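# Following is a predicted model, sequence given first.
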Amino acid sequence: VKRITTHILQEMKNRGEKISMLTAYDFSMAKIVDDAGIDIILVGDSASNVMAGHETTLPITLDQMIYHASSVVRAVNRAFVVVDIPFGSYQGNSTEALRSAIRIMKESGAHAIKVEGGAEIKESVVRILSAGVPVMGHLGLTPQSIYKFGTYSVRAKEESEAQKLLEDAKILEECGCFAIVLEKIPAKLAKKVAETVSIPVIGIGAGGDVDGQVLVVHDLLGITQEFKPRFLRQYADLQSIMLEAFGNYIKDVKNRDFPNEKESY
Ligand code: KIV
Ligand code: NA
């Protein structure tokens, strides 16, 4: 199989082919997502919520992200693997940011990193890119700044914030980022960003007029149940399927139905 590269992703935008992206945090899931033919796998710091049960993405560490990322990389043959640099391992200064990016690339074998923010982290983005590491930007609702925002509601509804977001997108493009994620912003603004910058813009809760879409894989599968924002389309109800399977197993064990003779040595 032909591996997806930043070059291929750019070609997709150029010819108007939408880019598909999903998260994964472990080997088994990543293998299925890759076999399905996804273009980009994001080892998101949403692992902090989905894998570890934290309320926010802030607690997950660089070591934990590297553990998740290396598990995903071992499973993937085709997809382009992007890893979130977690909160606290790049905001300090550009040297720290570069060191964290290099650790992720060296220790996990991933293909690129993602950082949240625009103008504020420009120096770090440039530094990481200068080391040859592809960088994906992330603007709009940036969960690492949740305590600054106070809520997970739609971002950039006001003109001033929308203007700053557009400027930040241009800055990220000028720095050399290969793509930008836009999270939970008005579709009209996302469309404008995707038309303004030449690099791929991938949306989550950013409408259909962008160059690709990303979702958290456990949300798409209906494994996470409480989280039902309007932007989420649930493609399966795995929670029900799993509950039934586990229930049947428990029943069979209790009833001495499992294991039977054929299942014994
Ligand atoms: O961590 C994550 O899952 C993300 C996506 C929602 C873009 O950053
Ligand atoms: Na993230």
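Cool, the structure landed. Ligands and ions are numbered 1, 2, ... in the order given.
# Can you check the pLDDT for the closest residue to E107 other than its chain neighbours?
The shortest distance from E107 to any residue other than its chain neighbours is 4.8 Å, reached at I66 (Cβ to Cβ, 6 or more residues apart in numbering). In short, each C-beta sits where N, CA and C put it, glycine included. As predicted, I66 sits at a pLDDT of 99.
# For the chain, which segments count as helices?
Residue ranges of the helices in the chain, as given by DSSP state H, are 6-15, 27-36, 47-50, 62-75, 94-108, 122-130, 146-149, 159-175, 187-196, 217-220, 238-254.
# Quick one: residues contacting the residue nearest to E107.
I66 is in contact with R103, I104, E107, S108, counting by Cβ atoms under 8 Å, 6 or more residues apart in numbering.
# Do I have it right that the last one meets D63?
Meaning S108. No - if you go by Cβ atoms under 8 Å, S108 and D63 don't touch, sitting 10.8 Å apart.
# Report the separation between the nearest residue to P143 once chain neighbours are set aside and T23.
In space, and not counting its chain neighbours, P143 is closest to T57: 4.7 Å by Cβ to Cβ, 6+ apart. Counting by Cβ to Cβ, to the nearest Å, the gap from T57 to T23 is 12 Å.
# joint contacts of these two?
Joint contacts of T57 and T23 (Cβ under 8 Å, 6+ apart) are G44, S46.
# Tell me which of these two has more neighbours.
Neighbours were counted for T57 and for T23 using other Cβ atoms under 10 Å; T23 has more, 28 against 23.
# Could you pull up the residues touching that one?
I41, L42, V43, G44, S46, A47, V50, V214, L215, V216, V217, H218.
# D257 now?
D257 sits in contact with K251, where contact means Cβ under 8 Å, 6+ apart.
# Try it again at 7 Å.
For D257, no contacting residues are found, by Cβ atoms under 7 Å, 6 or more residues apart in numbering.
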